[in-house]
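Trainee: Provided below are the primary sequence and the corresponding predicted coordinates.
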Amino acid sequence: MFLARIDGTVTSTVKHETLAGLRLLIGQRLETDGSPSGDPLVLVDTMGARQGSTVLVTTDNEPLRKAVGNTTPARLLVAGIVDQIYKEGTP
Amino acid sequence: MRLGVVRGSVVLSLAVPELHGIRLAIVEPITRERLASGGNLGGGKPIVAADKLGSGVGHVVGFVEGRTAASPFWPGKVPVDAYCALIVENIDYHPPGAANSSVRKASS
């Protein structure tokens, strides 16, 4: 799992049938200092994450396989919306 | 799943039987800098991805990598580790820093 910031949305009509109706967001993986890491990612969201939200992303495909079927290629799922992050230096 | 631009396709003369009939697209991943600049997309190291959607050159696609890329062929077992899961219609991208905002339709 890793933390990501929601930077946008993606719409698509031609897609794998298991992705029909799923909300797709653009997530940016974050370093511990909050700076971006790697390329933008397309995430599946069922929690209603909003633009600018920091979210917890899981790379386990099990939840999506359960929800939309074994043949789904999607794997990155918003598993939670972050309320607060505590780390060294946080008062 | 990452975003990428379809640059072409690959046809094999000889292939393992599991790959027969699977269209292979050349996809150039879109980097954060290129997506934010709104200029020509791409910038990543091109990969070859299985494609059942019939994407064409210039299309922006979402492609998955790793073991789950073979899931659409389940219960068949295919040696595929990248798969075009969607063709992008529209991207609404607003990273922090207003200058970087961009809304883009996929070229077709």
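Mentor: It's in.

Trainee: interface residues of chain A facing chain B?
Mentor: Proximity of chain A to chain B is confined to A:5, A:7-16, A:19, A:24, A:26, A:28, A:36, A:38-43, A:51-52, A:61, A:65, A:70-76 under the rule C-beta under 8 Å from any C-beta of the partner chain. To be clear about C-beta, it is placed using only N, CA and C from the backbone, and glycine gets the same treatment.

Trainee: surely B:Asp51 and B:Ala25 touch.
Mentor: Yes - counting by C-beta atoms under 8 Å, B:Asp51 touches B:Ala25, with 4.2 Å between them.

Trainee: overlap in contacts of the two?
Mentor: Counting by C-beta atoms under 8 Å, 6 or more residues apart in numbering or on different chains, the contacts common to B:Asp51 and B:Ala25 are B:6, B:9, B:61, B:84.

Trainee: who does the closest residue in space to the second one that isn't next to it in sequence bridge with?
Mentor: Taking C-beta to C-beta, 6 or more residues apart in numbering or on different chains as the measure, B:Ser9 lies nearest to B:Ala25, with 5.2 Å between them; neighbours along the chain are not counted. Beta bridges link B:Ala25 to B:Ser9, B:Ala49 when assigned by DSSP bridges.

Trainee: which ones are touching B:Ala25?
Mentor: Neighbours of B:Ala25 in contact, by C-beta under 8 Å, 6+ apart: B:6, B:8-10, B:48-51, B:55, B:61, B:84.

Trainee: okay, now stretch A:14-33: how far is its last residue from its first?
Mentor: Taking C-alpha to C-alpha, to the nearest Å as the measure, stretch A:14-33 stretches 37 Å from start to finish.

Trainee: list the buried ones in it?
Mentor: A:15-16, A:18-19, A:22, A:24-30 (16 or more other C-beta atoms under 10 Å in any protein chain shown).
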